[in-house]
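K.L.:
Give me the fold of what follows.
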Amino acid sequence: MVAEALLVTYFFMEAVNMEKNAESSLIVGNVVTGNDFFGREKDIEKFIGLLRNKSNILLLGQRRIGKSSLMLETANRLKDEFICLYTDIEHCDSPEDVIVKFGKTAQEHRSLIKTIKDGVLKMFGNIKDSIEEVSIDNVAGVKLREGANRNWMNMGEQLFEWLSKADKPIIIFFDELPIFINRIMRDDNKNITPERQKVVDVFLSWLRSSGIQYTDRIRIVVGGSIGIEPLLAQINLSSHMNTYTAFPLPPWDTATAMEFISDRADGNNILFEEGAKEYFLEKLGVAIPHFVQKFLQNICWDCLDRNSKNCAISDVERVYNDKLLAVQGSIELATYVERLERTLGSEKYNLAKELLSEAAITGKLTGKAAMIITGNYYSNQNEKADAIRFLLKTFEHDGYLHQSGPDYVFKNILLKNYWIKEFSFNFTPANQRVEFNGVSK
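P.N.:
Below you'll find the model as predicted:
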C-alpha cells in the first residue's frame, strides 16, 4: 500500500510539474495564445467589448508589442460567438492579392455558412486554382489567372455580401495593413506617384465603405507594425480611417513585466539575485513583451552554459551586451532601421537616421538640433518645420522617441543603445556643427 501511495504521489507531482511547465513556457518570436498569452486581460476585455458593440478597430502599437497575438487570442475566445477570419497581408503586392488571400481564408470557413451564391462559389473556385500554382506562404508571388483576373472591387463586394449571410457575425482581422499600403503607394525607387496614390485611395475607400455597409454583420480590425496614420498623412488620405476606433496597445507595465519574469524564471528554475530583475527591466527601458521574452531566454541559456541557476546583476549586464546587442542578437533591432527606409523616401530616411542618432548619442533631440540637422536637407524654413513635424509623429507612433518636455528622447533603452552602437562612429552632433545662415555645414 505504501508503494502504491508513493507511486500515486509521484505521478501526481509529475502532472503538477508538467502543468507548471506548460504554464511557464518561454515562447520567443511567434504569436502567443492561451496560457502563453500573458498580462493582457484588461486589454483584451476592452478590445472584445468594442467588437461586441459593432466597432471597426484600428489596432495601434509599436513593433513586437503583441498586436498579432491579441488578434489571434481574440479569435480563439470568440470562436463560438463570431466567425473570425485572420489574414496577414504583409506580402501582398496589390488589392487583387489581398482579395485572393482573404478569399482563401474565407474558404476555410465555408462549412459555417448556410447561404452561398453559385457565383461566389465559382469565383472561389477560380481563386483556388490560381493559388494552387504556388505555396500559400508565398502569396506575394500569386498572379491571378486570366479567368480570375476580374475587377478586384467587384470580387471584394461579392465576398462581403457572401459573408454577411453567415449564421454568425464576422470579424475580419487584416494584419500588417500599413506595410501593404506602404508597398502599393511607392514605385520601385520608393517614390510616391499619383497613380499609386490613386490605388491606395480606391482600396481604402472600398474597405471603409464595406465596413459601413455591413456594420451589423461584419467588423473589421486592421493593424500593423508601422503606423498607418503617418503613412496616410503623406498622401492626404487620413480621412479613410475616421470610421475606425483607435485602440492603442501599450507595453507591459512594470508590475506585469516583473510578474512575467518571476513566473517564467520559476518555471525554468532560474533564481534572480537581489536587484537583478529590476536591472533587467532598466536595461530594456520599455517592457515590450517580445524583448522581455528574448532577454529572459538568453539569461536562461547563459545559466545553462554556466551550470548555474543563479542570475546576478553582473550576469544581466553581460548577457545584455554580449547577446542582445551583439551582431547575431540584434538582427531584430536592425528591422527598426529597415522599416524606416521602407516607410520613408530616401531623403527623409537619411534625415530620420540623423535625428535619431542625435537623440541617442546626446541623450535628447532638441528643436534647435533638429533644425540644424534638417538644414542639410532643406533650405526653406517651412519645409524644415514640416519635415520635422512629420518625422517626430512617425517616431512617436512607431516607438522610437517619446516627448519629454520640449525635447524628444528614447524610452526604449535597448533600441537607443543599438542605435549608438550602429551609428555613432561617423555622426557629428548638432552642437558640434558649424552653422551658416541657419544651414549647417
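K.L.:
dump the residue contacts of the residue nearest to Gly363 when sequence neighbours are not counted.
P.N.:
Spatial nearest neighbour of Gly363, excluding adjacent residues (CB to CB, 6 or more residues apart in numbering): Val409 at 6.9 Å. All C-beta atoms are positioned from the backbone trio N, CA, C, and that covers glycine. Residues in contact with Val409 (CB atoms under 8 Å, 6 or more residues apart in numbering) are Ala359, Gly363, Lys364, Leu365, Leu401, His402.
K.L.:
repeat that for 10 Å
P.N.:
Ala359, Ala360, Thr362, Gly363, Lys364, Leu365, Leu401, His402, Gln403, Lys416 (CB atoms under 10 Å, 6 or more residues apart in numbering).
K.L.:
Out of those residues, which end up buried?
P.N.:
Ala359, Ala360, Thr362, Lys364, Leu365, Leu401, His402, Lys416 (16 or more other CB atoms under 10 Å).
K.L.:
secondary structure element for the first one?
P.N.:
In other words, Ala359. Ala359 is part of helix 346-362 when elements are defined by DSSP states H and E.
K.L.:
Who are the packing partners of the helix or strand following that helix?
P.N.:
On the C-terminal side of helix 346-362, the nearest following helix or strand under DSSP H and E is helix 367-374. Contacts defined by 3 or more CB pairs under 10 Å, 6 or more residues apart in numbering; DSSP states H and E place helix 367-374 against helix 346-362, helix 381-397, strand 407-409, strand 435-436, strand 439-440.
K.L.:
CA atoms of helix 367-374 as PDB?
P.N.:
Only the C-alpha atoms of helix 367-374 are listed here, as PDB (Å, rounded to 0.1, in the frame of the first residue of the first chain):
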ATOM      1  CA  GLY A 367      14.200  71.700 -31.500                       C
ATOM      2  CA  LYS A 368      17.400  73.600 -32.300                       C
ATOM      3  CA  ALA A 369      19.300  70.500 -33.000                       C
ATOM      4  CA  ALA A 370      16.600  69.200 -35.300                       C
ATOM      5  CA  MET A 371      16.600  72.500 -37.300                       C
ATOM      6  CA  ILE A 372      20.400  72.400 -37.700                       C
ATOM      7  CA  ILE A 373      20.400  68.800 -38.900                       C
ATOM      8  CA  THR A 374      17.400  69.300 -41.200                       C
END
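K.L.:
Make JSON lines out of the helices and strands packed on helix 367-374 and add mean pLDDT and distance to Phe102.
P.N.:
Shown next, in JSON lines, are the helices and strands packed on helix 367-374 (pLDDT from 0 to 100; distance: least, CB to CB, whole Å):
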{"stretch": "helix 346-362", "mean pLDDT": "93", "distance to Phe102": "31"}
{"stretch": "helix 381-397", "mean pLDDT": "91", "distance to Phe102": "26"}
{"stretch": "strand 407-409", "mean pLDDT": "98", "distance to Phe102": "38"}
{"stretch": "strand 435-436", "mean pLDDT": "50", "distance to Phe102": "53"}
{"stretch": "strand 439-440", "mean pLDDT": "49", "distance to Phe102": "49"}
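K.L.:
what bridges to the residue nearest to Gln234 when sequence neighbours are not counted?
P.N.:
What sits nearest to Gln234 in space, not counting adjacent residues and going by CB to CB, 6+ apart, is Ile192, at 6.6 Å. Beta-bridge pairing of Ile192 under DSSP bridges involves Arg186.
K.L.:
Distance check, Ile192 against Arg183.
P.N.:
Using CB to CB, to the nearest Å, Ile192 is found at 12 Å from Arg183.
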